[in-house]
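[1] predicted model follows, preceded by the sequence.
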Amino acid sequence: MSSKGNGESKFENGTGRNGLSKIQTQKRQNEVCHDDSASPVKAQTIDELHSLQKKKSAPSTPINGTQGAFTALSEDDRHKQQLQSISASLASLTRETGPKLVKGDPARTTETPKVAHASQHHFAPTVSASDSSLKFTHVLYNLSPAELYEQAIKYEKGSFITSNGALATLSGAKTGRSPRDKRVVMDETTESDLWWGKGSPNIEMDEQTFLVNRERAVDYLNSLDKVFVNDQFLNWDPENRIKVRIVAARAYHSLFMHNMCIRPTPEELENFGTPDFTIYNAGQFPCNRYTHYMTSSTSIDLNLARREMVILGTQYAGEMKKGLFSVMHYLMPKRQILSLHSGCNMGKDGDVALFFGLSGTGKTTLSTDHNRYLIGDDEHCWSETGVSNIEGGCYAKCIDLSREKEPDIWNAIKFGTVLENVVFDEHTREVDYTDKSVTENTRAAYPIEFIPNAKLPCIGPHPKNVVLLACDAYGVLPPVSKLSMAQTMYHFISGYTALVAGTVDGVKEPQATFSACFGAAFIMLHPTKYAAMLAEKMQQHGATGWLVNTGWSGGSYGYGSRIKLPYTRKIIDAIHSGSLLNADYKKTVVFGLEIPTEIDGVPSEILDPVNTWADKDAYQETLLKLAGLFRKNFETFTNYTIGKGNNLTQEILAAGPIF
Ligand SMILES: Nc1ncnc2c1ncn2[C@@H]1O[C@H](COP(=O)(O)OP(=O)(O)OP(=O)(O)O)[C@@H](O)[C@H]1O
Ligand SMILES: O=C([O-])CC(=O)C(=O)O
Ligand SMILES: [Ca+2]
Ligand SMILES: [Mn+2]
């Protein structure tokens, strides 16, 4: 009999008649009354049997006979190089050498053997050596989802498999990002390159303080039994792909990034080499508040020169995703590529739409459209050749998720998906998506292939429509308006919405907010730089701008209600099909927006918000109030030139509300 070693045969478990194990004979198998519990035991001990259960992962590329820098190496050498690279990542900057690493789970003592330490330096212990130089750090390198499930469930409180197969996790005390705790190292280059000061997300720190926090994170990580390391990519545009390494203490973080970044093929992983950017996620461990620049026990520190990010004091996984997005907002514009906080999808005829908007305005919901190809839900690049997704996964809000309204997202929540901070039945493990007990900002992170009509690779041609989403809590912006180029720029720079509770820590009620480029928390350069690039690209490729209110109608928050998702979908359909481009329009007062009089499938009376308000005076008052907020917000931009000439700047200033 062949020995497949994959658990095909069943182990005789002693339940045979007479309470005794049956004795196997080959002959028996051929008898008429076949009993498949009776196949032979191929192991002498339980351990031996377990070893049969696991097939060794096949080496992905032939070791000899192909070209490439690494191919001359034996498997052992390549393995060693990988460990050396990780050891270098985890090296303290004040001691002589990186930590000694060994691959594998420390719990499996039989596996922790021969691979000694991976330090390139020939480290001779001296009397000054500390205990940390004597210990091994176990590295769990690019584990599979199944392996990460096991790690999470075994070692991380609050990890469970839900009835749909997803991994439910808790992100701890923080259930949203902490933008006030973000710090960026100011050095000679970044001082002049980046946007600093009022309205900017970039709060300075110095190099020395960064190193103090880096050391804190690295020491914490090296003090653990094991760390998770992911080597992955950002950006589906092969010319502009960035290699990222994530070092984290939690399986949850490793699986989250496995899902959210682009997953390398085994071949790409073998040739990964040195990462372009590294995250040290020591989120369980706080920063030291005695450290300069620290105003809380949370710190998310970005050092562009060192190409490193350190996370202390927050386990919210979105910090890693959005931290890398900030890096892309720096690196890509340097290459004349526009980075965008937008969703993106493509029709059957190749028409691409971008969906800009702040958190909770509908990028994920509206770009995930069963009738269109999903390119990505949150972060994109627009280059000379078209659009590309930065990420390899989606991060959908789950609060009140329903199978009927968002079937593709519902179905993407299955084995492999990380479900953050949801509440579930303790016995059936059925998730209750309406339950906000842990947070309003419940999330699902899944690989983009979990959406059946994902466009792989996640790239597309130049956009035809640019949809600006605003969740207007005041209820005075029309459900849809067609924008001139100047209006598109005005609203892009304004970045208005009502922050939906939850994603940013501490925000519990919707409130009006302005965030330049619909993502001021992540941009690195002055907003006008991105705006000028967007204007140029839209003009060059003839894209149309739209403003879509996915927020309130019939009154402000508390009085009116949120515009029904099926109506918003009909509006978006009409934009995609081109039918809305040539509809009849009228112009609103104050904001001067062109609004259509009719859209298939949408009640005409809601298209002009004044119709939906019972109290017309209250409407007028609220409209003027919002217009005033827009005007006040824009004051900071009136001194900047946008684009090459001054014409666009003047036009943009005139494209705001007039009252
Ligand atoms: N008319 C509407 N249009 C869009 N979304 C709506 C509408 N009404 C309710 N919603 C809900 O609003 C939420 C929109 O969240 P979504 O995940 O799409 O935000 P996002 O823009 O992707 O934010 P983030 O950048 O934080 O991921 C969803 O929960 C969706 O069900
Ligand atoms: O970053 C997050 O946590 C979620 C998100 O996409 C956003 O806020 O834009
Ligand atoms: Ca989203
Ligand atoms: Mn986002």
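    Done, it's in. Since this is a predicted model, take the numbers as computed values, not measurements. Residues are numbered from 1 along each chain as shown. Ligands and ions are numbered 1, 2, ... in the order given.

[2] count of residues packed around Thr189?
    11 (other Cβ atoms under 10 Å). Every C-beta, even on glycine, is put in place using the N, C-alpha and C of the backbone.

[3] find the residue closest to it in space, skipping its chain neighbours.
    In space, and not counting its chain neighbours, Thr189 is closest to Ala305: 6.8 Å by Cβ to Cβ, 6 or more residues apart in numbering.

[4] list the contacts of the one you found.
    Val185, Asp187, Thr189, Thr190, Glu207 (Cβ atoms under 8 Å, 6 or more residues apart in numbering).

[5] tell me the SS of the closest residue to the second one other than its chain neighbours?
    If I follow you right, that is Asp187. Nearest residue to Asp187, sequence neighbours excluded (Cβ to Cβ, 6+ apart): Ala305, at 5.7 Å. Classification of Ala305 by DSSP: H, G, I helix; E, B strand; the rest coil places it in coil.

[6] confidence score at Ala305?
    Per-residue confidence (pLDDT) for Ala305: 98.

[7] from the contacts of Ala305, which ones fall inside strands?
    Secondary structure from DSSP state E places Val185 of the contacts of Ala305 in strands.

[8] give me every residue in the chain lying close to ligand 3.
    Lys363, Thr364, Asp377, Asp378 (Cβ under 5 Å from the ion).

[9] now with 8 Å?
    Gly343, Ser359, Lys363, Thr364, Thr365, Asp377, Asp378, Cys394, Tyr395, Ala396, Lys397 (Cβ under 8 Å from the ion).

[10] could you identify the buried members of those?
    Among those, those classed as buried by neighbour count (16 or more other Cβ atoms under 10 Å) are Gly343, Ser359, Lys363, Thr364, Thr365, Asp377, Asp378, Cys394, Tyr395, Ala396, Lys397.

[11] any low-confidence regions in the chain?
    1-38, 58-72, 96, 109-129, 499-510 (pLDDT under 70).

[12] so where's the longest helix in it?
    helix 616-634 (DSSP state H).

[13] number of nearby residues for the nearest residue to Ile203 once chain neighbours are set aside?
    Leaving aside its chain neighbours, Ile203 sits nearest to Arg183 (5.5 Å; criterion: Cβ to Cβ, 6+ apart). Applying other Cβ under 10 Å, we find 23 residues neighbouring Arg183.

[14] for the one 3 residues further on, same thing?
    For Met186, the neighbour count with other Cβ under 10 Å is 16.

[15] hmm, it is touching Trp196, no?
    Yes. Counting by Cβ atoms under 8 Å, Trp196 is a contact partner of Met186 at 7.3 Å.

[16] what do the two both touch?
    The contact lists of Met186 and Trp196 share Glu204, where a contact means Cβ under 8 Å, 6+ apart.

[17] hmm, who's touching whatever helix or strand comes next after the longest helix of the chain?
    Later in the chain than helix 616-634, the nearest helix or strand by DSSP states H and E is helix 647-654. The contact list for helix 647-654, computed with Cβ under 8 Å, 6+ apart, reads 485-486, 489-490, 493, 532, 535, 634, 638, 640-643.

[18] out of those, which is nearest to ligand 1?
    Among these, Ile493 lies closest to ligand 1 (Cβ to the nearest ligand atom), at 18.5 Å.

[19] if I look at that closest one, how far off is Ala531?
    5 Å (Cβ to Cβ, to the nearest Å).

[20] what touches both of the two?
    Cys517, Ile642.

[21] off-centre distance for stretch 404-413?
    Distance of stretch 404-413 from its chain centroid, counting by Cα atoms, centre = their mean, to the nearest Å, is 18 Å.

[22] likewise for stretch 180-192?
    On Cα atoms, centre = their mean, the centre of stretch 180-192 falls 23 Å from the chain's centre.

[23] buried sites along that stretch?
    Buried residues in stretch 180-192 (16+ other Cβ under 10 Å): Asp181, Lys182, Arg183, Val184, Val185, Met186, Asp187, Thr190.

[24] list the contacts for the residue in the stretch 251-400 of the chain that ligand 3 sits nearest to?
    Across the stretch 251-400 of the chain, the shortest distance to ligand 3 (Cβ to the ion) belongs to Thr364, at 3.3 Å. Shown in contact with Thr364 (Cβ under 8 Å, 6+ apart): Gly343, Asp377, Asp378, Cys394, Tyr395, Ala396, Lys397, Ile409.
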